[in-house]
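Colleague: Here you go, sequence then predicted model.
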Amino acid sequence: MKFRVNTAIVGSTGYTGIELIRLLNFHKKAEIKYLISETKYGKNISDYYPGLNFKNYPKLVKFSQVNWKDVDVIFLCLPSGESKKIIKKIPKNISVIDLSNDFRVSSLTNHEWVYGIADHQKDFFNLRKDKTKEVKISNPGCYPTSILSPLITLLKKDFVDVSDIVIDSKSGISGAGKQSVTENLFSEVSNSIKPYKIGNHKHLNEIEKCISNFSNKKKVKISFTPHVIPINRGISSNIYFKLKKGRSFKQLRGLFEKTNFTFLKMLKKNQIPQIKDVVGTNYCFFNFFPDRIKGRIIMISVIDNLIKGAAGQAIQNMNLIFNFKEDEGLSFNPVAP
């Protein structure tokens, strides 16, 4: 494996692109070789984000200007539908980490792409043993990351009755990206909470397909309602499910007390996960609470949608591809309130 890798970022001026630049600056084994933008090429990234002017980053260039011999891994930080347009233009010897929605569901059904839920990567692809060629990873969506990261372990150990799962999630406005639309204006989101795409969100198929993969391929249906809340970043997800017969709340906690993850952390008993505890980090904090309905569990999970739900998980996946320490470039304390 390489000691140091050269990276390229497509869509480098969006929220996830900027977050990748910021995080890669702390990575000791990765260098940013290309910042790619089809609309802002020829400029410096600091022209748009002056806070990045302390380092000599490469100028923004067009996709067609990239010398692929200088690239080991490329991050695609593009709106849905755009990654599919350029994927065939990327040489096959380069690892690809796509942060869009373009390949997520298909990565759960075929082997060309790897579903990149990083804390459970070995359940989808053993990168250390099976990497015979460069890898294409589809980063999960931010909502699915907050839901599936703690849930997959329970599914694998057969704790969850998958016939009755209800999920309620709240996200900061940065989850919508940088597009300028009326419903994302400050005056539209402040002092309120807004459910949207009720029963028809694009992440539903991704969540259901992943759960099905750990349920003997049984076709699973869930109820999922996302909300926008008036904060910049962060996701809080409440997952309601029934325990399988013979399983107990004590066994549930005991399962995670015996399992070690780098970025997936169960809190102490009765400690409530809060968004402010993970903002600025690659952690997913979660905890379990017994419902007043016997046998029903309330799981609360929180992440930073731009880091664990996007750029941080992408770097975690890169670390796994190249056999770096899993937390290389990702060891941050949360931003103080």
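Modeller: Looks like it arrived, so ask away.
Colleague: Show the residue spans covered by the helices in the stretch 101-250 of the chain.
Modeller: For the stretch 101-250 of the chain, applying DSSP state H, counting those that start in this stretch gives helices covering 104-107, 127-130, 142-156, 186-189, 203-213, 249-257.
Colleague: out of those, which comes closest to residue 320?
Modeller: helix 127-130 (5.1 Å; CB to CB). In this view, the C-beta of every residue, glycine as well, is placed from N, C-alpha and C.
Colleague: which one of the helices of the stretch 101-250 of the chain is the most hemmed in?
Modeller: helix 142-156 (a mean of 25; mean count of other CB atoms under 10 Å).
Colleague: Sketch out the low-pLDDT regions of this structure for me.
Modeller: 1-2, 128-133, 176-182, 184, 336-337 (pLDDT under 70).
Colleague: show me the residues around residue 16 that make contact.
Modeller: 77, 99, 306, 310-311, 314 (CB atoms under 8 Å, 6 or more residues apart in numbering).
Colleague: same deal with residue 198?
Modeller: residue 225.
Colleague: do you know how far it is from residue 5?
Modeller: 42 Å (CB to CB, to the nearest Å).
Colleague: Also residue 234?
Modeller: 29 Å.
Colleague: Equivalent analysis for residue 216, please.
Modeller: Separation of residue 216 from residue 5 (CB to CB): 38 Å.
Colleague: of the helices of the stretch 101-250 of the chain, which approaches residue 330 most closely?
Modeller: That would be, of the helices of the stretch 101-250 of the chain and by CB to CB, helix 142-156, which comes in at 14.3 Å.
Colleague: re the thing from before, export the helices of the stretch 101-250 of the chain as JSON lines, with columns for distance to residue 334.
Modeller: Shown next, in JSON lines, are those (distance: least, CB to CB, whole Å):
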{"stretch": "helix 104-107", "distance to residue 334": "27"}
{"stretch": "helix 127-130", "distance to residue 334": "28"}
{"stretch": "helix 142-156", "distance to residue 334": "16"}
{"stretch": "helix 186-189", "distance to residue 334": "23"}
{"stretch": "helix 203-213", "distance to residue 334": "25"}
{"stretch": "helix 249-257", "distance to residue 334": "20"}
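Colleague: hang on, the earlier thing: which one's more surrounded, residue 234 and residue 5?
Modeller: Per other CB atoms under 10 Å, whichever of residue 234 and residue 5 has more neighbours is residue 234, with 28 against 20.
Colleague: wait, which of the helices of the stretch 101-250 of the chain is closest to residue 45?
Modeller: Taking the helices of the stretch 101-250 of the chain one by one with CB to CB, helix 142-156 is closest: 23.2 Å.
Colleague: how far does that closest one sit from the chain's center?
Modeller: The chain centroid and the centroid of helix 142-156 are separated by 11 Å under CA atoms, centre = their mean, to the nearest Å.
Colleague: Could you list every helix and strand in contact with it?
Modeller: If contacts are counted by 3 or more CB pairs under 8 Å, 6 or more residues apart in numbering; DSSP states H and E, helix 142-156 sits against strand 160-171, helix 203-213, strand 235-243, helix 249-257, strand 264-266, strand 284-290, strand 296-303.
Colleague: In PDB, could you pull the C-alpha coordinates for it?
Modeller: Output in PDB follows, covering the C-alpha atoms of helix 142-156 (Å, rounded to 0.1, in the frame of the first residue of the first chain):
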ATOM      1  CA  CYS A 142     -26.500  11.400   5.900                       C
ATOM      2  CA  TYR A 143     -29.800  10.200   7.200                       C
ATOM      3  CA  PRO A 144     -29.000   6.500   6.500                       C
ATOM      4  CA  THR A 145     -25.700   6.900   8.200                       C
ATOM      5  CA  SER A 146     -27.300   8.200  11.400                       C
ATOM      6  CA  ILE A 147     -29.800   5.300  11.300                       C
ATOM      7  CA  LEU A 148     -27.800   2.300   9.900                       C
ATOM      8  CA  SER A 149     -24.500   2.900  11.800                       C
ATOM      9  CA  PRO A 150     -25.900   1.700  15.100                       C
ATOM     10  CA  LEU A 151     -28.700  -0.500  13.700                       C
ATOM     11  CA  ILE A 152     -26.600  -2.800  11.500                       C
ATOM     12  CA  THR A 153     -25.000  -4.500  14.600                       C
ATOM     13  CA  LEU A 154     -28.500  -5.200  16.000                       C
ATOM     14  CA  LEU A 155     -29.700  -6.600  12.600                       C
ATOM     15  CA  LYS A 156     -26.700  -8.900  12.400                       C
END
